[in-house]
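[1] this is the structure alone, sequence omitted:
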């Protein structure tokens, strides 16, 4: 049987039951695990041995098979949301970034959103969409697992009032000929069948980015409490260093 194991202040090893874990770190614990079951995961000197099989139980499936991550405690509150540095938006959705899987199908995708708010969901999708389209266009966005977020990105753009971005996504759908499937292989076949091309729409997205982020900033600040978070995350060290430099006081080590 597995367990949470980490060194206590006196140097001895302490085990936490699932009930204790839920009480201390409620948001990232799957509901299906019973309170008195010890979870199959190990802390060692506050580092997590990131084997894929262990993290499957915590729905952290997107991590590489042998990646060591730090366990941190992260706080997203008004101090972060009120930042004038637009990069705070990506920082604010880090709890979703390391929890919601875009790689394991629609059912898992929906399940992973349960602890989070609709505004968080929309911004998460917009960020994924923007990163992928900004990288190599809509063709990459729909071809990759990220294409699963298309509907949430569309709803998100509607929610923030980004009309041009709404029109761009709707035009991509028209060229595909139907709503893109949430299944990656089916979505790829849809695009291949219609030989859909998006180069002109990629350019329109690029032209709209500045306005889009202004609208996104207004939306997040207007719905600030929907982005508040206080809980445990497992994050690669380089990410921890980056976000700690960008926004002080939001990350502490467990």
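    Received it, and whenever you're ready, just let me know what you need. Everything numeric here is computed off the predicted structure, so don't read it as measured data. Numbering: from 1, shown residues only.

[2] so for stretch 109-124, mean pLDDT?
    Summarised as a single mean, pLDDT over stretch 109-124 is 95.

[3] show me the shaky parts of the stretch 151-254 of the chain.
    Low-confidence segments of the stretch 151-254 of the chain, defined by pLDDT under 70, are located at 253-254.

[4] against residue 226, how distant is the nearest residue to residue 227 once chain neighbours are set aside?
    For residue 227, ignoring the flanking residues on the chain, the nearest one in space by CB to CB, 6 or more residues apart in numbering is residue 92 at 4.9 Å. Glycine gets a C-beta too; all of them are placed from N, C-alpha and C. Here the criterion is CB to CB, to the nearest Å. By it, residue 92 lies 10 Å from residue 226.

[5] so those two - more neighbours on which side?
    residue 92 (26 against 17; other CB atoms under 10 Å).

[6] tell me the spacing between the more buried one and residue 148.
    Taking CB to CB as the measure, residue 92 falls 21 Å from residue 148.

[7] before we move on, the earlier item: what's the pLDDT at the residue nearest to residue 227?
    93.

[8] now do the contacts for it.
    The neighbourhood of residue 92, defined by CB atoms under 8 Å, 6 or more residues apart in numbering, consists of 76, 80-81, 123, 220, 227, 229.

[9] now the buried members of these.
    Using 16 or more other CB atoms under 10 Å as the burial test, the contacts of residue 92 include 76, 80-81, 123, 220, 227, 229 as buried.

[10] out of these, which one sits closest to residue 140?
    residue 123 (20.5 Å; CB to CB).

[11] shouldn't the closest one be within a helix?
    Yes. Residue assignment for residue 123, taken from DSSP: H, G, I helix; E, B strand; the rest coil, places it within a helix.

[12] for residue 75, which non-adjacent residue is closest in space?
    Using CB to CB, 6+ apart, the closest residue to residue 75 is residue 230 (5.0 Å).

[13] ok, that neighbour to residue 149 distance?
    25 Å.

[14] do residue 159 as well
    Counting by CB to CB, the gap from residue 159 to residue 149 is 14 Å.

[15] the two: who's more crowded?
    Between residue 159 and residue 149, residue 149 has the larger neighbour count (other CB under 10 Å), namely 24 against 19.

[16] confirm the more buried one sits in a helix?
    Yes. The secondary structure assignment for residue 149 places it in a helix, going by three-state DSSP.

[17] what's near enough to touch it?
    Residues near residue 149 by CB under 8 Å, 6+ apart: 102, 124-125, 128-129.

[18] in TSV, list those along with neighbour count and distance to residue 166.
    TSV is the format used below for the contacts of residue 149 (neighbours: other CB atoms under 10 Å; distance: CB to CB, whole Å):
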residue	neighbour count	distance to residue 166
102	20	21
124	26	17
125	25	13
128	25	17
129	24	12
